[in-house]
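next input, structure requested:
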Amino acid sequence: MVSEFSHTDFSSPHALTEHCRLLAFCLVNLDTSPANENLCTMLLGELNALDAALDLPYAVPASPYPFDAHLYDDRPLTASELAEQCRALAHGMLQVSEPWVRASLGFVLWERINTLRGTLDAV
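Next up is the predicted model:
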């Protein structure tokens, strides 16, 4: 049996993005610390490869991977869920020393706080 993805270039931006998406899903849904660290390391490696791959020309116009809408829970987050994410991001910013990581976490924190504000204003 031949997979429909057997011809896929696994270093393409689409493939790397799919790897990152699946690793992030596993990371979010996993409770064991050693496995979390391993998955986070794998995810960082894939994101680094994706960063390099995005600088190269690629011709595939669409992802060869089917989009699994059930992999991600796209319901709106509650205010308490958003506040929890904000606390986690702020804590993460205090724990890292790399400036680019802190800046990225700060940007995501800013987005989450704006989303929280919008959620509170909508109530």
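
tell me the centre residue of the protein?
Nearest to the mean C-alpha position of the chain, by C-alpha atoms, centre = their mean, lies A24 at 5.3 Å.

what packs against the helix or strand encompassing it?
Using DSSP states H and E, A24 sits in helix 13-28. Helix 13-28 sits against helix 33-54, with contacts defined as 3 or more C-beta pairs under 8 Å, 6 or more residues apart in numbering; DSSP states H and E. The C-beta positions use only the backbone N, C-alpha and C, and glycine is treated the same way.

just the C-alphas of the helix it packs on, formatted as CSV.
This file holds the C-alpha atoms of helix 33-54, laid out as CSV (Å, rounded to 0.1, in the frame of the first residue of the first chain):
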residue,chain,number,x,y,z
SER,A,33,6.7,16.6,32.3
PRO,A,34,9.5,14.5,30.7
ALA,A,35,7.4,13.9,27.6
ASN,A,36,6.4,17.6,27.5
GLU,A,37,10.1,18.5,27.4
ASN,A,38,10.8,16.0,24.6
LEU,A,39,7.8,17.2,22.6
CYS,A,40,8.8,20.8,23.1
THR,A,41,12.3,20.1,21.9
MET,A,42,10.9,18.3,18.8
LEU,A,43,8.5,21.2,18.2
LEU,A,44,11.4,23.7,18.5
GLY,A,45,13.4,21.7,16.0
GLU,A,46,10.5,21.6,13.5
LEU,A,47,9.9,25.4,14.0
ASN,A,48,13.6,26.1,13.3
ALA,A,49,13.4,23.9,10.1
LEU,A,50,10.2,25.7,9.1
ASP,A,51,11.9,29.1,9.6
ALA,A,52,14.7,28.0,7.2
ALA,A,53,12.2,26.4,4.7
LEU,A,54,10.1,29.6,4.5
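
quick one: list the elements packing against it.
By 3+ C-beta pairs under 8 Å, 6+ apart, helix 33-54 packs against helix 13-28.
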